[in-house]
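Engineer: Coordinates only, no sequence provided:
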């Protein structure tokens with residue numbers, strides 16, 4: 001199986017989950033009140049992707065669980081069910097020693113371990129990263145799509 005892209009942006013997960021997991025868009029997810037629109041290029045990639053051709057780093061599941069727990073995002077179903085739907089909708093790419101080593105060595109100004117691990121996972125698998133994070137885009141350490 002060839003994976004086309006890896007996600008970094010939480011909004012992108014939620015936008016595609018409403019389609020891929022049969023979650024009604026109005027009840028699916030809110031993040032600080034609303035889900036922002038995706039960039040045109042990101043929409044095109046997501047729209048043309050087949051089932052299980054979109055990927056996430058495994059640490060993304062932890063990041064989403066923490067955001068749910070901290071009430072930074074709201075969901076209309078139990079957290080465990082929501083996280084399982086994410087696992088079904090995306091290929092979950094595991095952390096390994098190479099990714100961990102790369103994550104700490106990336107030329108990124110931020111020290112956020114989630115961003116570093118997700119970016120290093122995309123780099124390791126040679127996948128473009130869907131993100132609008134300017135620090136990641138400007139670093140040039142991985143191909144980005146927005």
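Structural biologist: Here it is on my side, so go on. In this text the structure is predicted, and so the values were computed from the model without any measurement.

Engineer: low pLDDT regions in the chain?
Structural biologist: For the chain, the stretches flagged by pLDDT under 70 are 1-37, 50-52.

Engineer: Tell me where it has strands.
Structural biologist: 5-7, 29-31, 54-57, 73-75, 91-93, 129-130, 144-145 (DSSP state E).

Engineer: Reformat those as CSV; add distance to residue 122 and mean neighbour count.
Structural biologist: Where C-beta positions appear, they are placed from N, C-alpha and C, glycine not excepted. Shown next, in CSV, are those (distance: least, CB to CB, whole Å; neighbours: other CB atoms under 10 Å):
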stretch, distance to residue 122, mean neighbour count
strand 5-7, 4, 24
strand 29-31, 21, 18
strand 54-57, 8, 24
strand 73-75, 22, 17
strand 91-93, 9, 18
strand 129-130, 4, 26
strand 144-145, 9, 24
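
Engineer: Show me the one of these that comes nearest residue 138.
Structural biologist: Nearest of the strands of the chain to residue 138, taken as CB to CB: strand 144-145 at 9.5 Å.

Engineer: will you turn the strands of the chain into a markdown table that also has distance to residue 48?
Structural biologist: Putting the strands of the chain into a markdown table (distance: least, CB to CB, whole Å) gives the following:
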| stretch | distance to residue 48 |
| --- | --- |
| strand 5-7 | 10 |
| strand 29-31 | 23 |
| strand 54-57 | 11 |
| strand 73-75 | 27 |
| strand 91-93 | 16 |
| strand 129-130 | 13 |
| strand 144-145 | 12 |
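
Engineer: out of those, which comes closest to residue 100?
Structural biologist: strand 54-57 (11.5 Å).

Engineer: Neighbouring strands - and their directions - for that closest one?
Structural biologist: strand 5-7 (parallel), strand 91-93 (parallel) (DSSP bridges).

Engineer: next one: it to chain centre, how far?
Structural biologist: 6 Å (CA atoms, centre = their mean, to the nearest Å).
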